[in-house]
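S.K.: quick one, what's the 3D model for this:
(one chain, ligands or ions: 1)
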Amino acid sequence: MNKTNIYDLEPSELSSLLEGPSFRATQMLNWVYKKNVSNFKEMNNLPKDYREVLDEKFVVGSLSLLKKEVSTDGSEKYLFGLTDGKTMETVLLKMKEDEFDDEGKKTREARYTVCISSQVGCKVGCAFCLTAKGGFERNLTAGEIVEQVAFIKKDKEFGEEKSINIVFMGMGEPLDNMENVVKAIKIITHKDALCIAPRRITISTSGLATKIEKLAIMDMGVNLAISLHAVDDELREKLMPINKAYNIKAVIDAVRKFKADRRKKVLFEYLLLGGVNDDIKSAQKLGKLLSGLDAKINLILFNPYEDSEFKRPTKEAAEAFREYLANKRFICTIRESKGIDISAACGQLKQRDKDGR
Ligand code: SF4
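M.R.: From the prediction side, this is the model:
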């Protein structure tokens, strides 16, 4: 009999599957999500025969850790094996170090962001992306998405009170697996499960305009990030073939609807590729395109991987680009590259594992 993965269930679904009093679901979820216990035998406030029944019907988790790389900057990359033999990655980014006062007392905990995957491979086919080179394999289940966060919280011994941010920016296009992503978010944010606030979650999309509109209607309280990467349709189509289906105007129009619903700043990600889209003319066009939008702009410096056709922009070009937009009153930052000494490009650890390196 195929066992049901607890991470796949919303608390209300689990409740309806369990026999006995309704508080059993809350008790079990407390063991799984708050105490990181995955063996039913250890759940000692549940009756013994009840635990045996649970063991027959359910399982906690399905991921197996195949490899982990740790960067000198504190970022960590996890390669997970799935039950069907496929693999996918999750990255833990250390955004800020612990802070101490003059007497050496810790005044602020280090801050982390978990970059999670939503699919094995991806259909979108961005030219600069290593994940795209392997094609699309399958959607991740809601449970496989939730477990990436639960696994890292356990691995790093993050307590319940530790706040972490989550970005759907690993392998895959999250809005191409919208049903499972939305379900995973409901589990991640539920008070009886991971209890992470929606405002700490960001969905990063290549710009599936119709799905952005749907997300706006759902009003889940999560943040939206758009991977724009180019300021004219001709170049964007070359970099991101999805632009043929949803061009820049369609994406920006959809974002305007999201913003009207959420009254929040939307993040625009712009990958700076040396000599391709990092000139001042592009910065000027980007400023025009986003004018009137309450937008933040994140400039990302391309991380070259073996045989990649693109190169990293110079520091000077990136800084000039940022300065132009900042002078136009946009909040514009250059995102520091994390984990540059490990397989930091999306899909790189999976590829290395395949190649036996
Ligand atoms: S960058 Fe993201 S959307 Fe584009 S191919 Fe890679 S995983 Fe897919």
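S.K.: contacts and neighbour counts: CA atoms only from here.
M.R.: Will do.
S.K.: what helix or strand is the nearest residue to Ser308 once chain neighbours are set aside located in?
M.R.: In this structure, Ser308 finds its nearest non-sequential neighbour in Phe128, 7.3 Å apart by CA to CA, 6 or more residues apart in numbering. Phe128 belongs to no helix or strand when elements are defined using DSSP states H and E.
S.K.: go on, Ile300?
M.R.: Here Ile300 sits within strand 295-301, counting by DSSP H and E.
S.K.: show me what the next helix or strand after that strand packs onto, helices and strands only.
M.R.: Helices and strands here follow DSSP H and E; after strand 295-301, the next one along the chain is helix 315-327. Judged by 3 or more CA pairs under 8 Å, 6 or more residues apart in numbering; DSSP states H and E, helix 315-327 is in contact with helix 280-289, strand 295-301, strand 331-335.
S.K.: how far does stretch 226-244 stretch from one end to the other?
M.R.: Across stretch 226-244, the terminal residues are separated by 16 Å (CA to CA, to the nearest Å).
S.K.: shaky segments in this protein?
M.R.: Judged by pLDDT under 70, the chain has its weakly predicted residues at 1, 259-264, 336-357.
S.K.: near the ligand, which residues of the chain show up?
M.R.: Counting by CA under 6 Å from any ligand atom, the residues of the chain close to the ligand are Cys122, Val124, Gly125, Cys126, Cys129, Thr131, Ala132, Met171, Gly172, Glu173, Ser206.
S.K.: among these, name the ones in helices.
M.R.: Thr131, Ala132 (DSSP state H).
S.K.: out of the residues of the chain next to the ligand, which is most surrounded?
M.R.: Gly172 (31 neighbours; other CA atoms under 10 Å).
S.K.: ok, the residue nearest to Ser308 touching Glu306?
M.R.: No: in this structure Phe128 lies outside contact range of Glu306 using CA atoms under 8 Å: 11.7 Å.
S.K.: returning to what we had before: now for the residues of the chain next to the ligand: which two are most distant?
M.R.: Spatial extent of the residues of the chain next to the ligand (CA to CA) is set by the pair Thr131 and Ser206 at 13.7 Å.
S.K.: quick one: what helix or strand has Leu215 in it?
M.R.: helix 209-218.
S.K.: how about the residue of the stretch 201-350 of the chain found nearest the ligand: what's its closest non-neighbour residue?
M.R.: Taking CA to the nearest ligand atom, the ligand has its nearest neighbour within the stretch 201-350 of the chain at Ser206, 5.2 Å off. Distances taken as CA to CA, 6+ apart place Ser227 nearest to Ser206, at 4.9 Å, with adjacent residues excluded.
S.K.: where's that neighbour relative to Ile166, distance?
M.R.: According to CA to CA, Ser227 and Ile166 sit 17 Å apart.
S.K.: out of these two, which sits in the busier spot?
M.R.: Neighbour tally, Ser227 and Ile166, criterion other CA under 10 Å: the higher count belongs to Ile166, 23 against 17.
S.K.: hmm, Asn180 and Asp8 touching each other?
M.R.: No: assessed by CA under 8 Å, Asp8 is found out of contact with Asn180, at 9.3 Å.
S.K.: can you spell out which helices and strands pack onto the strand holding Ile300?
M.R.: Where contact means 3+ CA pairs under 8 Å, 6+ apart, strand 295-301 is packed against strand 266-272, helix 315-327, strand 331-335.
S.K.: can you say which of these is packed in most?
M.R.: strand 266-272 (a mean of 22; mean count of other CA atoms under 10 Å).
S.K.: ok and the residue in the stretch 151-300 of the chain nearest the ligand?
M.R.: The ligand sits closest to Gly172 of the stretch 151-300 of the chain, with a gap of 4.1 Å, by CA to the nearest ligand atom.
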